[in-house]
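>>> here is my input, please return the structure:
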Amino acid sequence: MPSWFAGLFGRGTKSDGAAEQGPTGIGVNLPGPVPSAKFIAAGVGASSNHQLSVIGGDDRQAVHSATQKPWCAICYLECKFDTDPKPYIGTGWMIDATTIITAAHNLWNPPAVPGEKRASGKVRVITVSPARLDASGGPFKPTKTNHFVYDRRWEELRDPVRRYYDYGVIYLDKPGYTLPFYFAPWALPPEKWDRAMRLNCAGYPVDLGGHFVTASGSVCSEQPAGPLFIGPNQEMVIHNMDTEGGESGGPIFWTDGDQYFALAVHTQGVGLARGMNAGVRITPKMIDVFNSWRADPNRQGAQTVE
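Residues are numbered from 1 along each chain as shown. The predicted structure is shown next:
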């Protein structure tokens, strides 16, 4: 196992005690083999916070190699909220056999404003399907859970500040899923993000009927040479990968050779960043939080994060 795995994978030390510097290189694209234009958007569902987020031309492509890494660890989430009988689509990614990282708004969504049609409140039950390809299913049997946690600030703060804390964890009953790969979160320092990095984002968009898709792109900015991040502590990273509602909670990841690094949780369509998408950046603090949550699976609901 590579030396950068420690605790929850994301911050390791070398055998001599020196801190690892993180992944190197500029990464590569990981497109699927079929252009998204060949999809028939039948049976379209909804997402818990649906925003149209395709930037320019639609570059999303289908994933078919679902049993291979990294795709096998990315999960289709069907979320049913107390306020709405119909299911909502979300995305998550497995960090071990029973633990899934996702967006907090797939677990608890703020009250809707008058006239707004979307889920709100706490999710009642989540159906998890790793590597689900389309409505016909995938290689792994779905499982249901109502056990999850998220950062309390997502529930208690107001827009847009709450967006910085839009992350959570879903727990599955043991033994969970034995997969050939689990997706390692990595706390890449802000100064190491570079526009030359080729990133990927994958998930289950509602406009394509919940098909498993991926897109590639890069970190970007609203202005030339401007900041890549949003928030006083650079909590969110701006990116130009094509996404749609339903892909919230999916990993924004970087691959270097045969290693894969989840650097952020995709959470945000166009809105916070003009004409761009965004996700919550994985930080050392979040790594600590994920480790703490994993160590105490009896937790439930909103959690205080110091």
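
>>> just how off-centre is stretch 108-126 within its chain?
Stretch 108-126 sits 19 Å away from the centroid of its parent chain (CA atoms, centre = their mean, to the nearest Å).

>>> pLDDT on it, on average?
Stretch 108-126 shows a mean pLDDT of 85.

>>> can you list contacts of that stretch?
Contact partners of stretch 108-126, identified using CB atoms under 8 Å, 6 or more residues apart in numbering, comprise 46, 48-50, 77-84, 88, 106-107, 144-146, 148, 150, 154-155, 159, 162, 168, 170, 301-302. The way it works is simple: take the backbone N, C-alpha and C, and place the C-beta from them, glycine included.

>>> can you give me the buried ones in that stretch?
Across stretch 108-126, burial judged by 16 or more other CB atoms under 10 Å covers Trp108, Asn109, Pro110, Arg118, Ala119, Ser120, Lys122, Val123, Ile126.

>>> hey, where'd the helices end up in this protein?
Assigned by DSSP state H, the helices in the chain fall at 152-156, 284-295.

>>> and of these, who's closest to Glu247?
Of all those, helix 152-156 sits nearest to Glu247, with 18.1 Å by CB to CB.

>>> make CSV out of the helices of the chain and add mean pLDDT, distance to Gly92 and mean neighbour count.
Below are the helices of the chain laid out as CSV (pLDDT from 0 to 100; distance: least, CB to CB, whole Å; neighbours: other CB atoms under 10 Å):
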stretch, mean pLDDT, distance to Gly92, mean neighbour count
helix 152-156, 96, 15, 18
helix 284-295, 91, 13, 17
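
>>> which one of the ones you listed lies closest to Phe212?
Per CB to CB, nearest to Phe212 of the helices of the chain: helix 284-295, 24.2 Å.

>>> the residue nearest the centre of the chain: what's it in contact with?
Centroid-nearest residue in the chain: Gly250, 2.4 Å away (criterion: CA atoms, centre = their mean). Residues in contact with Gly250 (CB under 8 Å, 6+ apart) are Ile74, Thr91, Gly92, Trp93, Cys201, Ala202, Gly203, Tyr204, Thr243, Val265, His266.

>>> excluding sequence neighbours, find me the nearest residue to the third one.
With sequence-adjacent residues excluded and distances taken as CB to CB, 6 or more residues apart in numbering, Gly92 is closest to Thr102, at 3.6 Å.

>>> narrow the contacts of Gly250 to those in strands?
Counting by DSSP state E, the part of the contacts of Gly250 found in strands is Ile74, Thr91, Gly92, Trp93, Cys201, Ala202, Gly203, Val265, His266.

>>> for the third one, give its distance to Gly231.
Meaning Gly92. Computed with CB to CB, to the nearest Å, the distance linking Gly92 and Gly231 is 23 Å.

>>> more neighbours, the two?
Legend: neighbour count by other CB atoms under 10 Å for Gly92 and Gly231, higher for Gly92 (32 against 17).

>>> and that one, what pLDDT?
With respect to pLDDT, Gly92 has a value of 97.

>>> run through the bridge partners of it.
Cys75, Thr102 (DSSP bridges).

>>> what's the closest of the ones in strands among the contacts of Gly250 to Ala131?
Ile74 (6.7 Å).

>>> ok, that closest one touching Gly203?
Yes - if you go by CB atoms under 8 Å, Ile74 and Gly203 touch, sitting 6.9 Å apart.

>>> which neighbours do the two share?
Shared contacts of Ile74 and Gly203, defined by CB under 8 Å, 6+ apart, comprise Thr91, Phe212, Gly250.

>>> make TSV from those and add distance to Arg281 to it.
Shown next, in TSV, are the shared contacts of Ile74 and Gly203 (distance: CB to CB, whole Å):
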residue	distance to Arg281
Thr91	17
Phe212	24
Gly250	14
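
>>> on that earlier part again, what about burial for the contacts of stretch 108-126, which qualify?
Judged by 16+ other CB under 10 Å, buried ones among the contacts of stretch 108-126: 46, 48-50, 77-81, 84, 88, 106-107, 145, 148, 150, 154-155, 162, 168, 170, 302.

>>> what segments of the stretch 101-250 of the chain are strands?
Under the criterion DSSP state E, counting those that start in this stretch, the stretch 101-250 of the chain contains strands at 108-109, 121-130, 143-145, 148-151, 168-171, 199-203, 213-217, 229-230, 236-239.
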